[in-house]
Structures are given as C-alpha cells and as structure tokens.
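**Student:** sequence below, structure please.
(chains A and B)
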Amino acid sequence: MNDVLVGRGLAKRFGQTVALGGVDIAVRAGEAVAIMGPSGSGKSTLLHCLAGIMKPDAGEVHLLGRRIDTMSERRRSALRRTRFGFVFQFGQLLPELPAEENVALPLMLDGVPRAQAVRRAREWFAPLGLQSMEGRRPGELSGGQAQRVAIARALVSRPAVVFADEPTGALDQRTGHDTMRLLAEATKHNDASLIVVTHDPEVAAWCDRAAEVRDGLIVPSGVRA
Amino acid sequence: MNLALTWRLLKGGGKGMLGTWLTLAAVAVSTALLLFAVAANFAFEARGERGAWRNPVPAASGAVAVQAARYDYVRDQAITVVDLAALGRAPAPPGMPRFPAPGEVWLSPALAELAARLPAAELADRYPDPAGVLGDEALIHSDELVAVVGHEPGAPALTAKRSDDWVISKPPAKVADLAGAPSEDSQAYRVLALIASVLMVVPLLVFGGAAARLTVARRDQRLAALRLVGATPGQVVAMTVAEAMIVALAGALVGTVAFAVAVPLLAGIEMQGGPWFAADLFPGPLVLAAVLVAVPLLVGLSAVIGLRRVVVSPLGVARRETPPAMRFVRVLALLAVLAVFPMLTRGSSVTVIAVALGLAFLCVNLAGPWVVGMIGRITAASARRPARLLAGRRLVDDPRSAWRTVGGVALTGFVAGFLGLLSPGAFEGETGPPQLRVTAPAGQMTKVTGQARERLERAKVTATVEASDQVVVAALGSSADAAAVDRARTALAGLVPGRTPTTKTDDQRFGVQILADVRVGTIVVLSVSFLVAIASAGITAASAILDRRRTYGLLRLAGTPLEVLDKARRAETLIPLAVMGGGAILVGVFCATPFMLGGISTVGAVTLLACVVAGFAGVLGAGALSRPLLRSVTTDPAPRPD
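**Tutor:** Alright, predicted model coming up:
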C-alpha cells in the first residue's frame, strides 16, 4: 500500500526494436531495488520511463499516487529536480564548479538562497567521507570521491526516489563497493527509495531486491528479503 | 595507417562531424577575409601603378617629352589634366594608341560622358573637339575624370611657372619615358591600406586559432584515449595536425572561392572617387598560393599548441584539471605599450605608429583573458542565482575560451575607438558666395584681371574681379549656383597657363576626399571585424555546447531547466562583452588621441555607438543561434534501447 513509485504496463519501442514490452514494477518507501539485465535488455529505458525522462508508448507511471507520465515536459522536469535524485556513471558534475557548489546547485535551482544552499550542501560532506573536499573541483577528485559528491547532490533536496544508472561502472571493485554502500545507506537514512540500474550482482546485493529485465520484460529473479 | 585512422577520426560521425563543419566554415570565412585584407594592399598598389604615368619623373638625359599635370574641377569632382609635348619620337602614353599631337585633347570615358551631358559652356568648351577616349590603362578607376592635352614643347602651358605643391599640380618636367612614379597620394593610400590590413588581420588570426582549437577540442578526449592505449606523442600530433590541416585546406579553398565570388561586390566600394577594376582586387597567383599554403599551416600550428597538454600528459585533458592561473604580466605588457602612445604625435613616422598600434592590439589580446578571468571571479563571488554562478565559474575556468567569443568585438571596439575619432569634420566648406582664385605671374596682375573681367562678361557670369597679392579673385554673385561656377571656370580656363582657377572648396578637395575615404575604410574594417566577431561568437558558442554536451544532457535529465543553462551561457558572453567591449573602445580612443585633427566628430561618435550596438546584437544573436543545438544535445542525451 505504501508504494512510492509504480509503473504499470510500460511499453517503449525504438523503431523496430522493442525496449520495453509491458513492464509492471512497484517500489515501496525506503526500498532499494536493483534493475538488472544484460546490455540492450531495456533496463535503462525502464529507469528513464520511471524517472519521467522519457514518455512510455503505453502504460502509466505514478509517483505517490499522482500520474506523472502524462505531465508536460516542464512539470516532469520540475518533478525530477524536486522529488527525484540522480547518480550517473560519470560526467554529471560541472567541471568548473567546486564540489560544494555542485551539491548546492539543485537547491539553488529551487530558489534556496546561495549561502543557505551551500551551508546545507556542506552538511553532506563529512557523512560521506568527503571532509575538506568542499572546495575541490571535480577534476581534482578521484572517481570514487566524485561519485560521493554526486550522491550528496542527489540527496541534498531530500528526494522521494534516487535513480542510479550504473553508479559504480567507472570505478574499481573496492571503490565501487564503498560507493554503493554509501549510496544504499544514505538513501535509507533519508527515507528515500533507491532504484539502481546495474549488470553487476555485487552492486545489486546492496539492494533489498532485484528485478531482472530481459528482452524488455521483467522475468522472475532472486529476491532478497 | 596513421592517415587511415585520421580519416576515420575526421569523419567522426554525428555531432563530431558538426565540429568539423564548423571548423571548415570558420577557416573559409577567415581565408576569404584574409584574402580581402591582403588584396586591398595589392589593389592600392595597382592603382598607384596605373596612375604613375601621370606623375612625371624628371630625366637627367635622353628626354623624349615634356610633361606636366594639374587638377581642374567640375561640380564637386576633380579632373586630372595631363599636358604633354613630344621632344622627339615619344612613345604612346598608357591607354592611348599614339602620342597626342599638339592641340589634341583626349578624355577619359567618364569625362567625355560628363562633357556631353553638361552644357558646353560649363565643361566641354574647356576641352574642345576631343580626338579620342582614353583606355582603362590610363585610369586608376573607371569613373575617373582625366584629360590629356597635346602641346608644342614651347607652349605656355609647358613653360609657365606652376605651383610645385603636389596637391595642386606637377610642374613641367622633361621625361625619358612615360612610366612615371606612384604619386604621393597613392603612397598615402597604401599606408592607410596597410594599417587597415593590420587591424583586420589580427582578429582574423585570433579567430583562425580558435577555429583550429575547435578541432582539437572535439578530439581531445579521443586523442587522450589514444595516448592511454599507447599511441606515441608523435602519432597523436601527426594525426591531429593532419586532421586540422585537411579541414583547413578545404576551408581555405572554399574561402578563396567565396572571395572570388565577392570580388564584383567589393569592387563597388568607392575609394578615391570611384569603384575598382575587378582585376586590381585579385591578388596574383603567387599570393593566392601563399595564402592557401599558409592558412592550413597556421591552423596546424594552432592545433599543435592546443594539443600540447594531451601530449605532455595523457591524463591532462581527460582529467580536466584546473588550468594554471594567468599572470598579471599580460596586463603589464599592455600598460607598457599604452605608455608609449602619449609620446607619439602626428609627426611620428608611420612605421613607428604602425608598430605601436600592432603591439597595442596584440597586448589587448594578451591582457583580454586575464581581465575575463578577473571578471569571472567577481561575477562568481557576487552571484545569487545559479545562472550567474555558472557563468562566473565558467569564465574563471576557461577565460581564453570566453575571450575568443568576446575578443572579436573587443578588438573591433579598439578599432572603432581608434578610427571613430580619426574622422573629424576638420575641413570647413566655403561660406558665402563662391570665389574663384587664380595666381597670376608678377607684373601681369592688371592685364590678367582685365582679361578675367572680359571673359566672365562674355560668358554672362556676374562677378566682381579684383587683384589681391598675386591672386586674381573673381567673386561670383550670391545667386551663383554650381552651374554658374562651372561657367566661370570654363570662361577662365587657360587665363594663366598651367594654372587652374579654384574655389576654397576645390583647394580642400583632396583632404576632404581622403577623409571620406578614411570613413569608408573605417566602415569596411568595422564590417570585417564584425563578421569575424559574430562568426567567432557563433562558433565558440556551438563548440562550448558540444564540449559540455554530456554534462548538459545529464543536468537536464536531473531536471535543470534549459533556460538556466541558456541564461548561464548568455551571461557568460554578455558580462565580459560589456566590460571588455567598453574597455577596448576606451583603449582605442586613448591610442587615437595623439592623432586627432580636431574635436570629436559626430560621425565618429555615431559610428562608434553603432559599432557597440551592432556588436552586442550580433554576438548575442550568434550565441542564440546555437540554442537549438543546446536543445538537441540535451533533449535526448542517451537514446538507447538498453
């Protein structure tokens, strides 16, 4: 009953290619779900449809009971900014902004005064092990540090759902594990749901359950309690 | 293998190809304008040589003819009158089938046409029964008014004393041939053309460099990757240079064609009172070949410089480290050059002025990025909204790139500031009723005054004729119009052999003409600078989007409104544009102060204002043109069925 995000009968085609063939998925509050599958299976398309980035050809997406797939691009964009957080594989931080301003950016976009936004952004650095990194620019951070800054940015607006697309794809195994642990713990700590797209079972292991996508459909998979 | 890989890199595909097209377009524009800047010098040289035969060089021995020249006037135009007498077997002058016989008159086509159109008493009676029409070889431009008059060697026109002021006439000289030498005014024009070329070429080089680095910017990630997988620095450099040069050569060829197509239009720009012979505007095949070789070489060189960081460290570009801060010494260099200007005067040598001007220009270009970086710091520190913060940080991050966008307009501002004030209305026209004056030989004043009265009476021109200090003055009535002045001129033609009766306005005609031409030149230089600035702004804006397309796309995915990104882009251009454009104009005005002829001219100030407005509008417009590109790269950054 306390589903935060629900996708029903989601279908999407790219030309002749069926990316999604009618997918049903529901994510509960505070739950972490891994969407797994091989390359080309449709998992990123599913994430894009659930996050309101892409409109499905058929089906519905509901966030906290409100249908979002029929909203205008402007409203979906505002929704992504305020209710969702995003962590991508790499390249999401603006290279010219120091880390703290990268984190503060979503707040500033939402009208929070700069000083307050930066102050709130700084609060995220110590819990994520980024002490004294506030003034560094993305080019001066390691891959793992940059991903932790991205996690801080995804969570700073207190979103309902955090979407992560291969968040550890560009990191070595050890850093990837650390990053994934921080991502899972931080989202849970903030009562946000987490949807992670990955093909790495070790990343999926950090989630409450995994949904396997094959040929555009969700197939039964090992579910962790 | 290198070449095959280069070709594959070049083709790139998708948005990568767009970068290549942009570079090609930029190089084409640069080449066309560079050819124009170079051609202008050759065109003035060609005019100087065409007119040289009318400017006699006295021969020490072996004289074949006596030659003199003077200016006559009709309406508000000058007529060049060449007096010739053969001393033996004299060669045919340029544009004539034979040497003119005594008493013969030959007219240029424009003068013949004007003589036929105006009443005979106003012009044709001065040059009766023309024997023929002069060919183009005798003229500096097709609208030029020229008369060639044949005489006996002992004729008064070729023996009487004349003024030796070159603006009025050339005294008779025995010449060994009719080759002559380029006249003083043609030399003056060539110096002005050279200055104009320097003013046009510097922004062109900046622009060309920006275009070359665009190719590198497109490739640096991939080339850094190539280095990471083991390509040697030599291979990376060779591939990049080959790619940049292939594109540059194609661009240079397109630019050459564009220039050739534009020549008929450019030939219509009036200078020295008329349009150009199209052939004069074509630089020779050697110059053309030199430009076609030099442009790709310069672009290649610029690409090498742009790639230095990739080659030094494979991680350098891929990691996007903070670029080293720029040194204040750049501003010191500008201040040092500016300190020289108050020491210059209108009497300083042209070479010194040209070098100082060129140095000031280059130093504005050197100091530009430093000032842009400083503006960025201030903007970022004071920003309250995300767009301004982004703009400020971006300016600090890459001030050179921002300078490449606004640099064109800033350098144009410098040109406008310099030239804007250099076109004052220093010459006052004649006030009151027109007066014709002619200098008479000493002792003949009474006779000449009487003859003038008689001639004017016969021509039914109301005038008061008086002699004053070697000059016979015919004051026409207050109702005298241009036609009456020309009737009086015709009536008084030949009154004093070798001398032309002139009004005060006639005497200032040369100065007025050269100032009018400086104004035309200013507008041409400004137009070229604007084209460069606007093209530069468009290309830099597009390349900035392409460079950041992944980040822009992901930001948009995360809900950042397109307007914020667009606003940041606009502020990133507008803020430095306002500061740098204004600053450069002031520097230009400062540099022009020692050469000002009078007060600030209204025309100059209006030109300056128009420059600022057009520059801002053009650069913002060019930036706005890339908005659809921003939309397209951010709308669907990763459409994949994954």
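
**Student:** quick one: average confidence on stretch A:79-86?
**Tutor:** Averaged over stretch A:79-86, pLDDT sits at 91.

**Student:** who touches that stretch?
**Tutor:** A:51-53, A:63, A:68, A:71, A:92, A:106, A:109-110, A:153-157, A:159-165, A:192, B:554, B:557-561 (C-beta atoms under 8 Å, 6 or more residues apart in numbering or on different chains). C-beta: built from backbone N, CA, C; applies to glycine.

**Student:** now, these that are in strands?
**Tutor:** Judged by DSSP state E, these include A:63, A:161-165 as members of strands.

**Student:** of those - the most surrounded one?
**Tutor:** Ranked by neighbour count (other C-beta atoms under 10 Å in any protein chain shown), these have residue A:164 at the top, with 30 neighbours.

**Student:** is that residue bridged to anything, and to what?
**Tutor:** residue A:87, residue A:196 (DSSP bridges).

**Student:** so who does it touch?
**Tutor:** Residue A:164 neighbours (C-beta under 8 Å, 6+ apart): A:86-88, A:154, A:183, A:194-197.

**Student:** chain B versus that one, what's the distance?
**Tutor:** Counting by C-beta to the nearest C-beta, to the nearest Å, the gap from residue A:164 to chain B is 12 Å.

**Student:** which intervals of the stretch 351-500 of chain B have sub-threshold pLDDT?
**Tutor:** When residues are selected by pLDDT under 70, those of the stretch 351-500 of chain B lie in B:405, B:408, B:412, B:419-431.

**Student:** no, scratch that, I was asking about the stretch 51-200 of chain B
**Tutor:** For the stretch 51-200 of chain B, the stretches flagged by pLDDT under 70 are B:163-168.

**Student:** find the nearest non-adjacent residue to residue A:118, please.
**Tutor:** The shortest distance from residue A:118 to any non-neighbouring residue, by C-beta to C-beta, 6 or more residues apart in numbering or on different chains, is to residue A:104 (4.7 Å).

**Student:** for chain A, what's the longest helix?
**Tutor:** The helix that spans the most residues within chain A, counting by DSSP state H, is helix A:173-189.

**Student:** could you report the neighbour count for the residue of the stretch 401-550 of chain B found nearest chain A?
**Tutor:** Per C-beta to the nearest C-beta, residue B:550 is where the stretch 401-550 of chain B lies closest to chain A, at 4.5 Å. The number of residues packed near residue B:550 is 16, by other C-beta under 10 Å.

**Student:** before we move on, what about residue A:74?
**Tutor:** 10.

**Student:** got the contact list for it?
**Tutor:** By C-beta under 8 Å, 6+ apart, the residues touching residue A:74 are residue B:561.

**Student:** start to end distance for stretch A:30-43?
**Tutor:** End-to-end distance of stretch A:30-43 (C-alpha to C-alpha, to the nearest Å): 21 Å.

**Student:** then stretch A:186-197?
**Tutor:** For stretch A:186-197, the end-to-end distance is 17 Å (C-alpha to C-alpha).

**Student:** tell me the buried residues in that stretch?
**Tutor:** A:186-187, A:190, A:192-197 (16 or more other C-beta atoms under 10 Å in any protein chain shown).

**Student:** go through the residues you listed and say which is closest to chain B.
**Tutor:** residue A:197 (8.7 Å).

**Student:** list the residues that contact the closest one.
**Tutor:** A:34-35, A:43-44, A:46-47, A:163-166.

**Student:** surely residue A:114 is in contact with residue A:108?
**Tutor:** Yes: Residue A:114 lies in contact with residue A:108 (C-beta atoms under 8 Å); the separation is 6.0 Å.

**Student:** tell me how many other residues crowd residue 88.
**Tutor:** No chain was given, so I picked chain A. Residue A:88, neighbours per other C-beta under 10 Å, totals 25.

**Student:** that was the other one, I meant chain B.
**Tutor:** 9.

**Student:** what's the answer for residue B:302, then?
**Tutor:** 23.

**Student:** isn't residue B:64 right next to residue B:89, touching?
**Tutor:** Yes: the criterion here is C-beta under 8 Å, and residue B:64 meets it with residue B:89 at 6.9 Å.

**Student:** between the two, which one's more packed in?
**Tutor:** Between residue B:64 and residue B:89, counting by other C-beta under 10 Å, residue B:64 is the more crowded of the two (18 against 8).

**Student:** next, work out how far apart the more buried one and residue B:182 are.
**Tutor:** Going from residue B:64 to residue B:182 by C-beta to C-beta, to the nearest Å gives 21 Å.

**Student:** do residue B:32 as well
**Tutor:** Distance check for residue B:32 against residue B:182: by C-beta to C-beta, it reads 28 Å.

**Student:** out of these two, which sits in the busier spot?
**Tutor:** Neighbours per residue (other C-beta under 10 Å) separate residue B:32 from residue B:182, with residue B:32 holding more: 24 against 18.

**Student:** may I see the buried residues of the helix or strand containing the more buried one?
**Tutor:** Using DSSP states H and E, residue B:32 sits in helix B:14-52. Buried residues in helix B:14-52, defined by neighbour count with 16+ other C-beta under 10 Å: B:18-20, B:22-52.
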